[in-house]
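Chemist: Predicted model and sequence below, questions to follow.
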Amino acid sequence: MNEQERKQLIKTTFDTVATRYDCDALRFFRHAAALLPETFDFDGGESVLDVAAGTGIPALAIAPHLPRGVITAVDFSEGMLEQAAATCHAKGVSNILFQQMDMTAMTFPDATFDAANCSFGVFFVEEMAGTLRHIAAKVKHGGKVVTTHFRAGSFGALAELFLSRVDAYGLPAPPPGWLRVASEEQNIELFETAGLAQPQVASHDVGYLLDDAEQWWEVVWNAGFRSLIAPLDEERLARFRQEHLAEVSELMTADGLPLDIGVLITRGVTDHRSAGS
(Lines give C-alpha, C1' and ligand atoms only; values in the text may rest on other atoms or scores of the structure.)
Protein backbone atom coordinates (compact mmCIF):
# COMPACT_ATOMS: atom_id res chain seq x y z
CA MET A 1 0.00 0.00 0.00
CA ASN A 2 1.49 3.31 -1.04
CA GLU A 3 1.17 6.56 0.92
CA GLN A 4 -1.82 7.85 -1.04
CA GLU A 5 -3.70 4.55 -0.62
CA ARG A 6 -2.91 4.55 3.09
CA LYS A 7 -4.22 8.09 3.49
CA GLN A 8 -7.40 7.18 1.63
CA LEU A 9 -7.95 4.17 3.91
CA ILE A 10 -7.54 6.36 7.00
CA LYS A 11 -9.92 8.97 5.61
CA THR A 12 -12.53 6.37 4.64
CA THR A 13 -12.31 4.71 8.06
CA PHE A 14 -12.85 7.93 9.97
CA ASP A 15 -15.59 9.15 7.63
CA THR A 16 -17.33 5.85 8.37
CA VAL A 17 -17.01 5.93 12.18
CA ALA A 18 -17.68 9.66 12.61
CA THR A 19 -21.25 9.41 13.91
CA ARG A 20 -20.25 6.95 16.67
CA TYR A 21 -16.79 8.28 17.54
CA ASP A 22 -18.16 10.10 20.59
CA CYS A 23 -19.81 6.97 22.02
CA ASP A 24 -19.43 6.26 25.73
CA ALA A 25 -17.20 3.22 25.16
CA LEU A 26 -14.57 5.57 23.69
CA ARG A 27 -14.73 8.08 26.51
CA PHE A 28 -10.97 7.78 27.08
CA PHE A 29 -10.66 10.42 24.35
CA ARG A 30 -12.68 12.84 26.51
CA HIS A 31 -10.69 11.92 29.62
CA ALA A 32 -7.43 12.67 27.82
CA ALA A 33 -8.76 15.93 26.34
CA ALA A 34 -9.76 17.15 29.81
CA LEU A 35 -6.05 17.23 30.70
CA LEU A 36 -5.16 19.68 27.90
CA PRO A 37 -6.17 23.05 29.41
CA GLU A 38 -3.85 22.57 32.37
CA THR A 39 -1.08 21.42 30.03
CA PHE A 40 -1.31 24.61 27.95
CA ASP A 41 -2.03 26.99 30.86
CA PHE A 42 -3.83 29.50 28.60
CA ASP A 43 -4.16 33.22 29.23
CA GLY A 44 -7.58 33.09 27.58
CA GLY A 45 -7.01 35.05 24.40
CA GLU A 46 -4.88 32.70 22.34
CA SER A 47 -5.35 31.57 18.77
CA VAL A 48 -4.95 27.78 18.83
CA LEU A 49 -4.49 25.30 15.99
CA ASP A 50 -6.01 21.87 16.70
CA VAL A 51 -4.66 19.31 14.24
CA ALA A 52 -6.37 15.96 13.54
CA ALA A 53 -9.31 17.46 15.39
CA GLY A 54 -11.67 14.55 14.75
CA THR A 55 -15.15 15.15 16.16
CA GLY A 56 -13.87 18.13 18.13
CA ILE A 57 -13.20 16.44 21.47
CA PRO A 58 -9.91 18.27 22.21
CA ALA A 59 -11.21 21.59 20.86
CA LEU A 60 -14.36 21.36 22.98
CA ALA A 61 -12.24 20.72 26.09
CA ILE A 62 -10.05 23.73 25.32
CA ALA A 63 -12.75 26.16 24.16
CA PRO A 64 -14.08 27.24 27.59
CA HIS A 65 -10.55 28.28 28.56
CA LEU A 66 -10.31 30.69 25.62
CA PRO A 67 -13.09 33.22 26.30
CA ARG A 68 -11.29 35.78 24.14
CA GLY A 69 -9.56 33.32 21.85
CA VAL A 70 -10.37 31.06 18.92
CA ILE A 71 -9.55 27.49 17.91
CA THR A 72 -8.98 26.53 14.29
CA ALA A 73 -9.65 22.78 14.08
CA VAL A 74 -8.49 20.85 11.01
CA ASP A 75 -8.97 17.24 10.00
CA PHE A 76 -8.58 15.09 6.90
CA SER A 77 -12.07 13.59 7.33
CA GLU A 78 -15.10 15.63 6.26
CA GLY A 79 -17.32 13.21 8.16
CA MET A 80 -15.52 13.87 11.44
CA LEU A 81 -15.66 17.63 10.92
CA GLU A 82 -19.39 17.53 10.13
CA GLN A 83 -19.97 15.69 13.39
CA ALA A 84 -17.76 18.18 15.27
CA ALA A 85 -19.60 21.17 13.82
CA ALA A 86 -22.96 19.66 14.73
CA THR A 87 -21.83 19.04 18.31
CA CYS A 88 -20.52 22.59 18.66
CA HIS A 89 -23.79 24.00 17.33
CA ALA A 90 -25.79 21.86 19.76
CA LYS A 91 -23.62 23.00 22.70
CA GLY A 92 -23.65 26.64 21.62
CA VAL A 93 -19.86 26.80 21.27
CA SER A 94 -18.88 29.64 18.94
CA ASN A 95 -15.08 29.98 19.23
CA ILE A 96 -14.13 26.91 17.15
CA LEU A 97 -13.65 27.12 13.38
CA PHE A 98 -13.41 23.96 11.27
CA GLN A 99 -11.46 23.36 8.06
CA GLN A 100 -10.90 20.18 6.07
CA MET A 101 -7.14 19.89 5.58
CA ASP A 102 -4.32 17.35 5.35
CA MET A 103 -2.16 17.89 8.45
CA THR A 104 0.97 17.15 6.40
CA ALA A 105 0.26 20.02 4.00
CA MET A 106 -1.57 22.79 5.86
CA THR A 107 -1.87 26.05 3.95
CA PHE A 108 -1.81 28.47 6.88
CA PRO A 109 1.05 30.99 6.82
CA ASP A 110 3.89 30.16 9.18
CA ALA A 111 3.78 31.69 12.68
CA THR A 112 0.00 32.20 12.51
CA PHE A 113 -1.08 30.65 15.82
CA ASP A 114 -0.13 31.11 19.48
CA ALA A 115 -0.22 27.37 20.21
CA ALA A 116 -1.02 24.02 18.58
CA ASN A 117 -2.48 20.72 19.72
CA CYS A 118 -2.50 17.31 18.04
CA SER A 119 -4.23 14.50 19.94
CA PHE A 120 -3.75 10.93 18.67
CA GLY A 121 -2.82 12.11 15.19
CA VAL A 122 0.91 12.26 14.51
CA PHE A 123 1.38 8.47 14.58
CA PHE A 124 -0.88 8.04 11.54
CA VAL A 125 1.82 9.43 9.24
CA GLU A 126 5.06 7.75 8.23
CA GLU A 127 7.19 10.86 8.72
CA MET A 128 6.20 11.87 12.24
CA ALA A 129 9.03 14.34 12.90
CA GLY A 130 8.45 16.12 9.61
CA THR A 131 4.73 16.41 10.33
CA LEU A 132 5.32 17.72 13.85
CA ARG A 133 7.86 20.20 12.46
CA HIS A 134 5.20 21.32 9.94
CA ILE A 135 2.68 21.84 12.76
CA ALA A 136 5.22 23.75 14.85
CA ALA A 137 6.01 26.03 11.91
CA LYS A 138 2.44 27.34 12.05
CA VAL A 139 2.98 28.49 15.66
CA LYS A 140 4.66 31.73 16.64
CA HIS A 141 8.14 31.66 18.17
CA GLY A 142 7.93 30.65 21.84
CA GLY A 143 4.48 29.09 21.47
CA LYS A 144 3.49 25.73 22.95
CA VAL A 145 2.94 22.58 20.90
CA VAL A 146 1.25 19.62 22.60
CA THR A 147 0.65 16.04 21.48
CA THR A 148 -1.23 13.18 23.13
CA HIS A 149 -0.30 9.57 22.38
CA PHE A 150 -1.20 6.18 23.79
CA ARG A 151 1.26 4.78 26.32
CA ALA A 152 2.78 1.33 25.86
CA GLY A 153 0.43 -1.34 27.21
CA SER A 154 -2.75 0.51 26.27
CA PHE A 155 -5.69 -1.76 25.33
CA GLY A 156 -3.74 -4.64 26.89
CA ALA A 157 -5.07 -8.17 26.49
CA LEU A 158 -8.10 -6.94 24.54
CA ALA A 159 -5.95 -5.65 21.70
CA GLU A 160 -3.74 -8.75 21.82
CA LEU A 161 -6.75 -11.00 21.34
CA PHE A 162 -8.10 -8.80 18.55
CA LEU A 163 -4.81 -8.65 16.63
CA SER A 164 -4.28 -12.40 17.03
CA ARG A 165 -7.69 -13.08 15.53
CA VAL A 166 -7.04 -10.60 12.71
CA ASP A 167 -3.90 -12.59 11.95
CA ALA A 168 -5.80 -15.89 12.15
CA TYR A 169 -8.19 -14.60 9.48
CA GLY A 170 -5.25 -13.96 7.18
CA LEU A 171 -5.58 -10.19 7.33
CA PRO A 172 -2.59 -7.85 7.53
CA ALA A 173 -1.98 -6.95 11.16
CA PRO A 174 0.94 -4.50 11.26
CA PRO A 175 2.03 -3.18 14.65
CA PRO A 176 -0.13 -0.18 15.60
CA GLY A 177 1.48 3.07 14.52
CA TRP A 178 1.12 4.53 18.00
CA LEU A 179 3.74 2.10 19.31
CA ARG A 180 6.35 4.36 17.69
CA VAL A 181 5.55 7.06 20.28
CA ALA A 182 4.43 4.91 23.21
CA SER A 183 7.25 5.78 25.63
CA GLU A 184 8.48 8.99 27.20
CA GLU A 185 11.83 8.57 25.48
CA GLN A 186 10.24 8.20 22.03
CA ASN A 187 8.20 11.37 22.52
CA ILE A 188 11.16 13.38 23.74
CA GLU A 189 13.17 12.22 20.74
CA LEU A 190 10.30 13.10 18.38
CA PHE A 191 10.01 16.64 19.74
CA GLU A 192 13.75 17.21 19.66
CA THR A 193 14.01 15.91 16.10
CA ALA A 194 11.15 18.23 15.11
CA GLY A 195 13.11 21.18 16.52
CA LEU A 196 10.91 21.82 19.56
CA ALA A 197 12.62 23.04 22.72
CA GLN A 198 12.10 22.05 26.36
CA PRO A 199 10.03 18.89 25.72
CA GLN A 200 8.28 17.55 28.79
CA VAL A 201 6.15 14.40 29.04
CA ALA A 202 3.38 13.68 31.54
CA SER A 203 1.89 10.19 31.90
CA HIS A 204 -1.75 9.70 32.81
CA ASP A 205 -4.14 6.78 33.28
CA VAL A 206 -7.48 7.34 31.53
CA GLY A 207 -8.86 3.79 31.41
CA TYR A 208 -12.03 2.38 32.97
CA LEU A 209 -14.26 -0.67 33.15
CA LEU A 210 -16.47 -1.59 30.22
CA ASP A 211 -19.85 -3.13 30.97
CA ASP A 212 -19.30 -6.19 28.79
CA ALA A 213 -17.65 -7.56 25.65
CA GLU A 214 -20.22 -5.75 23.48
CA GLN A 215 -18.80 -2.44 24.67
CA TRP A 216 -15.34 -3.56 23.60
CA TRP A 217 -16.78 -4.19 20.14
CA GLU A 218 -17.96 -0.58 20.15
CA VAL A 219 -14.31 0.44 20.68
CA VAL A 220 -13.21 -1.80 17.81
CA TRP A 221 -15.99 -0.84 15.43
CA ASN A 222 -16.02 2.91 16.04
CA ALA A 223 -12.30 3.73 15.92
CA GLY A 224 -9.10 2.88 14.08
CA PHE A 225 -9.23 -0.87 14.78
CA ARG A 226 -12.08 -1.09 12.29
CA SER A 227 -9.76 -0.57 9.31
CA LEU A 228 -8.09 -3.93 10.01
CA ILE A 229 -11.30 -5.91 9.58
CA ALA A 230 -12.82 -3.76 6.83
CA PRO A 231 -11.88 -6.31 4.11
CA LEU A 232 -14.12 -9.01 5.65
CA ASP A 233 -17.40 -9.75 3.93
CA GLU A 234 -20.59 -9.75 5.97
CA GLU A 235 -20.54 -13.46 6.76
CA ARG A 236 -16.88 -13.59 7.80
CA LEU A 237 -17.24 -10.39 9.82
CA ALA A 238 -20.16 -11.86 11.77
CA ARG A 239 -18.12 -14.98 12.51
CA PHE A 240 -15.08 -12.89 13.50
CA ARG A 241 -17.21 -10.83 15.87
CA GLN A 242 -18.79 -13.88 17.49
CA GLU A 243 -15.46 -15.65 18.01
CA HIS A 244 -13.66 -12.56 19.25
CA LEU A 245 -16.34 -11.54 21.73
CA ALA A 246 -16.44 -15.07 23.11
CA GLU A 247 -12.74 -14.94 23.95
CA VAL A 248 -13.00 -11.39 25.27
CA SER A 249 -15.83 -12.41 27.60
CA GLU A 250 -13.38 -14.69 29.41
CA LEU A 251 -11.57 -11.56 30.63
CA MET A 252 -14.65 -10.24 32.43
CA THR A 253 -14.28 -9.61 36.15
CA ALA A 254 -16.97 -9.17 38.78
CA ASP A 255 -16.69 -5.40 38.26
CA GLY A 256 -16.56 -5.34 34.47
CA LEU A 257 -14.14 -5.62 31.57
CA PRO A 258 -10.92 -3.66 32.19
CA LEU A 259 -9.97 -1.24 29.40
CA ASP A 260 -6.45 -0.19 30.30
CA ILE A 261 -5.55 3.10 28.62
CA GLY A 262 -2.53 5.23 29.41
CA VAL A 263 -1.63 8.43 27.61
CA LEU A 264 1.54 10.47 27.25
CA ILE A 265 1.00 14.21 26.88
CA THR A 266 4.11 15.93 25.55
CA ARG A 267 4.63 19.69 25.51
CA GLY A 268 7.36 21.59 23.71
CA VAL A 269 8.12 25.18 22.77
CA THR A 270 8.74 26.50 19.27
CA ASP A 271 12.23 27.86 18.70
CA HIS A 272 12.22 29.18 15.15
CA ARG A 273 15.47 31.08 15.59
CA SER A 274 17.48 27.90 16.22
CA ALA A 275 15.54 26.08 13.50
CA GLY A 276 16.39 28.78 11.00
CA SER A 277 12.73 29.53 10.27
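Modeler: Right, received. Where do you want to start? The model shown is predicted, which means the values in this text are computed figures rather than measured ones.
Chemist: so where's the chain shaky on pLDDT?
Modeler: 1-3, 6, 274-277 (pLDDT under 70).
Chemist: change it to 80
Modeler: 1-11, 18, 273-277 (pLDDT under 80).
Chemist: Helices of that one, residue ranges please.
Modeler: 3-17, 28-33, 36-40, 57-62, 78-91, 128-137, 156-168, 184-193, 213-221, 226-229, 234-249, 272-275 (DSSP state H).
Chemist: Could you list the buried residues of stretch 35-49?
Modeler: For stretch 35-49, a neighbour-count test (16 or more other Cβ atoms under 10 Å) marks L35, L36, T39, F40, F42, E46, S47, V48, L49 as buried. (Each C-beta comes from the backbone N, C-alpha and C, glycine too.)
Chemist: so which of the helices of the chain comes closest to L257?
Modeler: Shortest distance between L257 and the helices of the chain, using Cβ to Cβ, is found for helix 213-221: 6.2 Å.
Chemist: how many neighbours does the residue nearest to E243 when sequence neighbours are not counted have?
Modeler: Leaving aside its chain neighbours, E243 sits nearest to R165 (6.5 Å; criterion: Cβ to Cβ, 6 or more residues apart in numbering). The number of residues packed near R165 is 19, by other Cβ atoms under 10 Å.
Chemist: tell me the contacts of R165?
Modeler: R165 sits next to F240, E243, H244, E247 when contact means Cβ atoms under 8 Å, 6 or more residues apart in numbering.
Chemist: Wait, the last one touches E160, no?
Modeler: No. Using Cβ atoms under 8 Å, E247 is not in contact with E160; the gap is 10.3 Å.
Chemist: the more surrounded of those two?
Modeler: Using other Cβ under 10 Å, the more surrounded residue of E247 and E160 is E247, with 15 against 10.
Chemist: got a list of what the residue nearest to that one when sequence neighbours are not counted touches?
Modeler: Excluding the flanking residues, the one nearest E247 by Cβ to Cβ, 6+ apart is L161, at 5.4 Å. L161 makes contact with H244, E247, V248, L251 under the criterion Cβ under 8 Å, 6+ apart.
Chemist: Recalculate using a threshold of 10 Å.
Modeler: By Cβ atoms under 10 Å, 6 or more residues apart in numbering, L161 lies in contact with F155, W216, E243, H244, L245, E247, V248, E250, L251.
Chemist: hang on, the earlier thing: I'd like the distance between the residue nearest to E243 and F42.
Modeler: 44 Å (Cβ to Cβ, to the nearest Å).
Chemist: Can you tell me how far T270 is from P67?
Modeler: From T270 to P67 the distance is 24 Å (Cβ to Cβ).
Chemist: Burial check on Q242, number of neighbours?
Modeler: 9.
Chemist: Same check on H204?
Modeler: 16.
Chemist: List the beta-bridge partners for the residue lying closest to it once chain neighbours are set aside.
Modeler: Spatial nearest neighbour of H204, excluding adjacent residues (Cβ to Cβ, 6+ apart): V263 at 5.3 Å. With DSSP bridges as the criterion, V263 is bridged to F150, H204.
Chemist: quick one, what contacts V263?
Modeler: Contacts of V263 by Cβ under 10 Å, 6+ apart are 28-29, 31-33, 35, 119-120, 148-151, 154, 202-207.
Chemist: What sits closest to the one residue sitting closest to the centre of the chain if chain neighbours are left out?
Modeler: The centroid of the chain falls nearest to F120 when counting by Cα atoms, centre = their mean (2.2 Å). Nearest non-adjacent residue to F120, counting by Cβ to Cβ, 6+ apart: T148, 6.0 Å away.
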